[in-house]
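In: Here is my input, please return the structure:
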Amino acid sequence: MGSEALSINNLHVSYHGNEAIKGVSLSINSGNLVGIIGPNGAGKSTLLKAMLNLIPRDKGSVKVMGKAIKDTRKQIAYVPQRSDIDWDFPITVIDAVLLGTYPHLKLFRRPSKKDKKWAIQCLDKVGMKEFSKRQIGELSGGQQQRVFLARALAQQADLFFLDEPFVGVDVSSEETIIQILKELCQQGKTVIVVHHDLSKANDYFHQLILLNKELIGFGSVDEVFQPEVIGRAYQGQFAFMNEIGVTL
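Out: This is a model prediction of the structure:
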């Protein structure tokens, strides 16, 4: 894989005095598709948002390509959880995707014809070109997620962060999304995904971050997907372990 894309050093996050993330340190090289996994309440989305400086950190640092987040915003695309988005907002599919071009526009400039053509190409990439004039709230869950991936593609970022992108989507949309994410990595991009379905971890990811408030494991899928490592994170949830084919 390529050079260091992301580094996290001793990251701590708390809510109302309760520590949600404890001393996480790791580094990810470019070209990797990385899954953040762990039980409910493990702090997966919290870690993602703390990486992006969307929530306060108690201490610790995060660098993208050796620079602070504030200096690399244009290189980062973020797809939030669907539950975090106001789907009643009166915006069409094409205008939602065009938002991805804004970080590269000069002050007070509106998207050009070239930008609009690029946005249509991104919609075509995710199979949503024919829905460009629809209001985003009229779409199915899978279609909505495809649109927000198109918005991320329109940004032409180097790092992509997705928070539970496969929740509430149809099988076809999930297959489309993961294929595009894999293609991004083949282009040297880095993709980090909060994910809950461990049965697909081996097919989807190059590396896994296994979390339960603190870092339990980080490395290749084969390294992390070991019974003793998974067991430490899920703390004896035997029925779950059997379900995903891990024998303790």
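
In: which residues in this protein form helices?
Out: 44-51, 93-98, 113-125, 141-154, 171-186, 201-204, 221-224, 227-234, 238-243 (DSSP state H).

In: and those, which one's lowest on average pLDDT?
Out: Note on the helices of the chain: helix 238-243 shows the lowest mean pLDDT, a mean of 51.

In: okay, the residue most central in space within the chain: pLDDT?
Out: Of all residues in the chain, the one closest to the mean position by CA atoms, centre = their mean is residue 162, 1.8 Å from it. We have a pLDDT of 97 for residue 162.

In: now swap in residue 85 and tell me
Out: Confidence score, pLDDT, at residue 85: 81.

In: for it, what are its contacts?
Out: With contacts defined as CB atoms under 8 Å, 6 or more residues apart in numbering, the neighbours of residue 85 are 144, 148. No exception for glycine: its C-beta is placed from N, CA and C like everyone else's.

In: What of the one 4 residues further on?
Out: Shown in contact with residue 89 (CB under 8 Å, 6+ apart): 136-137.

In: please redo it, this time with the cut-off set to 10 Å
Out: Applying CB atoms under 10 Å, 6 or more residues apart in numbering, one finds that residue 89 lies in contact with 96, 135-137.

In: How about residue 52?
Out: 62, 64, 69, 73, 76, 78, 80, 159, 161, 163, 192.

In: measure residue 94 to residue 145 for me?
Out: Noted for residue 94: a distance of 17 Å to residue 145, by CB to CB, to the nearest Å.

In: more crowded one of the two?
Out: residue 145 (28 against 21; other CB atoms under 10 Å).

In: so the more buried one makes contact with residue 176?
Out: Yes - between residue 145 and residue 176 there is a contact at 9.3 Å, judged by CB atoms under 10 Å.

In: Now do the shared contacts for these two.
Out: What both residue 145 and residue 176 touch, as defined by CB under 10 Å, 6+ apart, is the set 126, 169-170.

In: Filter those down to the buried ones.
Out: 126, 169 (16 or more other CB atoms under 10 Å).

In: Much appreciated, bye for now.
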